Every structure is written in C-alpha cells, then in structure tokens.
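Visitor: Need a 3D model of the sequence below.
(chains A, B, C and D)
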2 protein chains.
Amino acid sequence: MTGGGDGGVGSGITGVDPQELWLRPAGPRRGRKPAFSREAITAAAVALADAEGLDAVTMRRVASQVGAGAMSLYSYAPDKETLLELMVDHVSGEPPLTTPLTGDWRTDLKAIACLQRALMLRHPWLPAALATRRTSGPNTLAFLERALAALRPTGLDGAAKLEVFAQLTGFVAGHVAHEIAQAAAARSPDRVAAEARYLAAVAADGHHPELAEALSAPGRPLDPKATFTRFLNRLIDGLDTG
Amino acid sequence: MTGGGDGGVGSGITGVDPQELWLRPAGPRRGRKPAFSREAITAAAVALADAEGLDAVTMRRVASQVGAGAMSLYSYAPDKETLLELMVDHVSGEPPLTTPLTGDWRTDLKAIACLQRALMLRHPWLPAALATRRTSGPNTLAFLERALAALRPTGLDGAAKLEVFAQLTGFVAGHVAHEIAQAAAARSPDRVAAEARYLAAVAADGHHPELAEALSAPGRPLDPKATFTRFLNRLIDGLDTG
DNA sequence: TATCATTCTCGTACACAGTACGAGAATAGG
DNA sequence: CCTATTCTCGTACTGTGTACGAGAATGATA
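Guide: Below is the predicted model of the structure:
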C-alpha cells in the first residue's frame, strides 16, 4: 500500500469496533511523525464550540485553528462524529473527582449533578452534544464510575444504578439547556418582546385563560441556580431504595 | 416589485417578529393561487422524519415528496428552521385533549406526560427536535394550556407552573430519547456486543470496580414503560405546592 | 378586455459542509 | 542506500440551505 492514508496515529480507524477508538494508547512508531495531536485538535474544537457554538465546529475551521490542512484531521479521528465524541470526553475530564464521597448517596449525587451543571454552563454546547451522542471515553467513564460509587449505599442493582445516572444526566442537561436558552433570550430583548406580544395576543383570544393568567403574573427574576437545586432536591429526595 | 418572490402564502416571511408566522390565518387573495399548502408540506416533512429520521428532512426531499420544486417550499416557510417548528407543532396537535381533567393535579400531570411519551415514541425525532427548538404554535400552546389547567389546583404562580411544565417535558424527552436509543441499539447487536466487550475490557483494568460490578449483574429486560412510570411518579409525587 | 401589480413556481447558481482519493514528504528498519 | 510505513494536505465530488430572478397565474382596475 503505497500512498493513501487510512492509518490514523494509532486511532484505530479501521477497527470493526467503534470503541476501539478509546483503546490504543500509542500506535506503532514507524513512518512520518505526527505533526499534531488528538489532544490539541480536540482542544481546538472545544475552544471553537465554546466561543461560537457547535455549528462553528467544522473540519476546516478546526484544522485551520490548529494550523493543519482540513484533511489532516482524518489522521486523528475517522470522521466528525468521532471528533464530537472526543470533545465530549475531553471536557468530561475537567471536573476534579478527587473529593471523597460522604457516604450519603443523596448528598453525593447532588454534588455530582452540580459538577455536571457547572460543566455544561462552561460549555453550553454540551447538552446538545449529549442529547444525540453516547460517549464512553475514559473521562466519561470516570464520571460514571463516580456516580455508581455514590449510589452504592442504595443497594440498587447495576442496571438500576445506570438508569438513575442516565436519568440524572438527562435532567441536568435539560435544565441547563433551558437555562442557556433563557440567558440567550435575555441578551436579545427584541425577540423576548416579540414573543411576549405574540403570547399576549394569543392569550387575549379567550381560548387560553390559564396562559393569560400565567403571563399576567408578576414577573420576578427566578434565580436559575435556586430553581435547579430545588428541582434537583425534589428529584433525588424522591428516589428510594426500593 | 416585479418578479422575485419574497411573499409566502400569507406566511409573514417579512415579519420583524418571528412569531408572526403563527398569526395570519389566510393571506391576501391576489396573485397566483398556491399549488400546495403549508399543511401538506409539513405533513410530508413529518412523514419523512418518521420514516428516515430528522436528517432525511432536506428541502429537496420534502419538496419532491410533495411534488414541488425545492424552492417552492420557501413560499410556505421562510427557512428550514421554521419548517421544523411547523413539524413540531403539527404533531403536537395529534393527541386528543378532550378528556376532562380529574382535578387531581398529579394524576392529570401524569396523564399529560404519558401523552407526550406516546407522541415522542410515534415520532422518534421529536426529542431531538425539541432539545434545540422553542415552538409556540397553536397546538403546542394548547398543550401548554392544558398543563397549566392541570396545575391550577397547586396554587403555584405562573412562572412556577411554566417551569414545572418545561421540566416535565424535558424529563419525558430525555427518557424517550434514552428509550429510543436502547431500542435502536437492540436492533444492531454487533454494536452492543462491541460496546459490551469494550466496557468489559475497561472494567477489567481494576480502576472501575463499580462499573465492573454493575456490568456483571444479571441482565434482566427492564421494561421501558414501567421504568418511565416509576421515574415519573417519583418526580411528580416529589413536587409540592410550597 | 387589456393592463398591471401581485403572488406563486422553480431552474440556476453559490457558498459551504463532510470526506474519498491519492500524490508527495517524512521517518524507521533493513 | 532502499523500502515499507505513516502522516500531510490539495483537489474534487456529493449534498446542503438558500439567494436570485425569470416566467406563469391570478385578481383588481380601467
């Protein structure tokens, strides 16, 4: 096979198993040396998404950000989907998982949820990225491991613990997505005013009495953090060991 | 203005307010008659998404499905984003909202959640579509109106009721997305086996004892419907009027 | 009826996406 | 040195959303 690059910095591009991506700590040491690194590429993609949103993450832009040609990225990830998975796992490594667990699973679970929320607020594209994708990189798995450890005192069986964690993550993602949307809306008052005007018009037709009343209520600020913890407490306190 | 079509079957394309879309029951009655209808186009897009997923919904494919040229769609919706909103609102009109409320807000809320779940199972693209979008079409608002009515006995104020509904919808979307992903995974056993093999390998390294144990547990089927109602009950019963 | 503004239809075209292909450069083992 | 291997990246193809604008159909007006 002369010319033609289907290799991939030991990325396991050709693997039958998609998970093979996460294995292979270092590929063989022959041939030309890699000019970049999966780490750097992923970091650049994350920075781009942080700054301009997920849609800004295109192969060409990531490549130019890192000083590479667009096609060079394919030596480090088989396709864009994989790059997104790398991004998710990358940021999942940010939160420090060093604090010891308290042993009270509700407390520990809440702490984990707060870590997740902070992470998603720092990377607003995360909820959207998680909605579609299922990632099993090392950092993601470390997070999962931590959650399972926190749930140990519940005595739930494996599948149930996994369910609870998935549910919790989904909840946090949903809430933060909502938070972000509201924050973004607050930065464009025109939209808000237009929406309010429209809803008022709908409510005025008499067919939506409840909506009319809900909108006429005094609009207090409604602190997102407080709302989050309130719902979180309700959700977690509502869980039982049965 | 001769030639050039920035009109739109009374769709309010030029509107400053995005919501203007939902107003305008019928546009002016001058000029050439529309050959299609927003309804038909939306229905075609929904059918396409149902059959082949959200990614299959491209302007060209929707157009050809309905027998139109691609660009004709822009007379009925200003852009693809709007078409997606139309799709969401379209399917939101499916569930019958005629059953009277019981007066017990927990029961009523659970019924609403079940309606939502059924809807999302019938249209598997809905969770993903809802994750990004905020829609305020008539059917969506009817749904919201119903939820607010159900929440009336709680005595919560408007903003709080809206929060609860958003949270509930997010929960259902998250759960159904998970359900769908699992069902899809079950249809491709290769992936599952590969993932299982990979996770087993990770668990075997000794750094993930909890994961190892969770995976070694006996794998029972875990009925999705039952899991859904279980979590739903916990979430709703956990809510209080305070 | 003839005119005309209006409204819709849709072929063409453009910018940009992901990425297949493959030639050339760099490296390590023989 | 040679040669197999690995990475780099220009070119090019397909497919996307959609701007543009010419042409067809329609209702109002004279």
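
Visitor: CA atoms for contacts and neighbours, from now on please.
Guide: Fine.

Visitor: show me what contacts the spatially most central residue of chain A?
Guide: Residue closest to the mean C-alpha point of chain A, counted by CA atoms, centre = their mean, is A:L126 at 2.9 Å. Residues in contact with A:L126 (CA atoms under 8 Å, 6 or more residues apart in numbering or on different chains) are A:88, A:120, A:173.

Visitor: let's go with 7 Å and repeat that
Guide: Listed by CA atoms under 7 Å, 6 or more residues apart in numbering or on different chains, the contact set of A:L126 reads A:M120.

Visitor: Near A:L144, how many residues? Count them for me, please.
Guide: Taking other CA atoms under 10 Å in any protein chain shown as the criterion, the count of residues near A:L144 is 21.

Visitor: Check which helix or strand it maps to.
Guide: A:L144 is located in helix A:138-151, with elements delineated by DSSP states H and E.

Visitor: same question, A:P34
Guide: Assigned by DSSP H and E, A:P34 falls outside every helix and strand.

Visitor: Up against chain B, what does chain A have?
Guide: Within chain A, the residues that sit near chain B (CA under 7 Å from any CA of the partner chain) are A:17, A:19, A:128, A:131, A:145, A:148-149, A:157-159, A:170-171, A:174, A:194-195, A:198, A:208, A:210-211, A:213-215, A:217, A:234-235, A:238-239.

Visitor: Now restrict those residues to buried residues only.
Guide: Among the residues of chain A next to chain B, those that count as buried by neighbour count (16 or more other CA atoms under 10 Å in any protein chain shown) are A:17, A:19, A:128, A:131, A:145, A:148-149, A:157-159, A:170-171, A:174, A:194-195, A:198, A:208, A:210-211, A:214-215, A:234-235, A:238-239.

Visitor: among the residues you listed, which are in helices?
Guide: Residues of these located in helices (DSSP state H): A:128, A:131, A:145, A:148-149, A:158-159, A:170-171, A:174, A:194-195, A:198, A:210-211, A:214-215, A:234-235, A:238.

Visitor: The lowest-mean-pLDDT helix or strand in chain A packs against which elements?
Guide: With mean pLDDT, DSSP states H and E as the measure, the helix or strand of chain A carrying the lowest mean pLDDT is helix A:189-203 (a mean of 86). The criterion is 3 or more CA pairs under 7 Å, 6 or more residues apart in numbering or on different chains; DSSP states H and E, and the helices and strands that helix A:189-203 contacts are helix A:209-216.

Visitor: Packing partners of the helix it packs on?
Guide: Using 3+ CA pairs under 7 Å, 6+ apart, helix A:209-216 is in contact with helix A:189-203, helix B:138-151, helix B:158-186.

Visitor: which residue sits closest to A:P153, ignoring its sequence neighbours?
Guide: Closest residue to A:P153 apart from its sequence neighbours, by CA to CA, 6 or more residues apart in numbering or on different chains: A:W105 at 6.4 Å.

Visitor: Go ahead and confirm the one you found touches A:A149.
Guide: No. The pair A:W105 / A:A149 is not scored as a contact, 8.8 Å apart, by CA atoms under 7 Å.

Visitor: Can you tell me the SS state at the closest residue to DNA strand D within chain A?
Guide: Evaluated by CA to the nearest atom of the strand, chain A has A:V9 as its residue closest to DNA strand D, separated by 2.5 Å. Secondary structure state of A:V9, per DSSP: H, G, I helix; E, B strand; the rest coil, is coil.

Visitor: Could you give the number of residues near it?
Guide: A:V9, neighbours per other CA under 10 Å, totals 22.

Visitor: In terms of pLDDT, where does it sit?
Guide: The predicted local distance difference test score for A:V9 is 75.

Visitor: so how far is DNA strand C from it?
Guide: Applying CA to the nearest atom of the strand, to the nearest Å, the value for A:V9 to DNA strand C is 13 Å.

Visitor: My guess is that residue contacts A:Y76. True?
Guide: Yes. With contact defined as CA under 7 Å, A:V9 counts as touching A:Y76 (6.0 Å).

Visitor: Farthest from the middle of chain A: give me that residue.
Guide: With distances taken from the mean C-alpha point of chain A and given as CA atoms, centre = their mean, the most distant residue is A:G206, at 41.1 Å.

Visitor: just wondering, since we're on that one, how far is it from A:G69?
Guide: If you measure A:G206 against A:G69 using CA to CA, to the nearest Å, the figure is 60 Å.

Visitor: what's the domain layout of chain A?
Guide: As assigned by automatic domain parsing, chain A contains the domains A:18-92, A:105-238.

Visitor: Same list (these) but as TSV, adding distance to DNA strand C.
Guide: Output for those, formatted as TSV (distance: least, CA to the nearest atom of the strand, whole Å):
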stretch	distance to DNA strand C
domain A:18-92	4
domain A:105-238	14
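
Visitor: is it possible to export those to JSON lines including distance to B:Q182?
Guide: Compiled in JSON lines, those are given as follows (distance: least, CA to CA, whole Å):
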{"stretch": "domain A:18-92", "distance to B:Q182": "17"}
{"stretch": "domain A:105-238", "distance to B:Q182": "11"}
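
Visitor: Out of those domains, which is closest to B:T99?
Guide: Shortest separation from B:T99 across the domains of chain A is recorded for domain A:105-238, at 16.7 Å, computed as CA to CA.

Visitor: low pLDDT regions in chain A?
Guide: Counting by pLDDT under 70, chain A contains low-confidence residues at A:1-8, A:10-19, A:24-25, A:27, A:219-220, A:241-242.

Visitor: surely A:H208 meets B:F143?
Guide: No. Counting by CA under 7 Å, A:H208 does not reach B:F143; the two are 10.4 Å apart.

Visitor: what's the residue farthest from the centre of chain A sitting at in phi/psi?
Guide: Dihedral angles of A:G206 (phi, psi; degrees, to the nearest 10) stand at phi 90, psi -10.

Visitor: any idea how far A:S92 is from it?
Guide: From A:G206 across to A:S92, the span is 48 Å (CA to CA).

Visitor: just the helices and strands packed on helix A:209-216: most buried one?
Guide: Among the helices and strands packed on helix A:209-216, helix B:138-151 has the highest mean neighbour count (mean count of other CA atoms under 10 Å in any protein chain shown), at a mean of 21.

Visitor: Contacts for that helix, please.
Guide: The contact list for helix B:138-151, computed with CA under 7 Å, 6+ apart, reads A:208, A:210-211, B:89, B:92-93, B:101, B:105, B:108-109, B:161, B:165.
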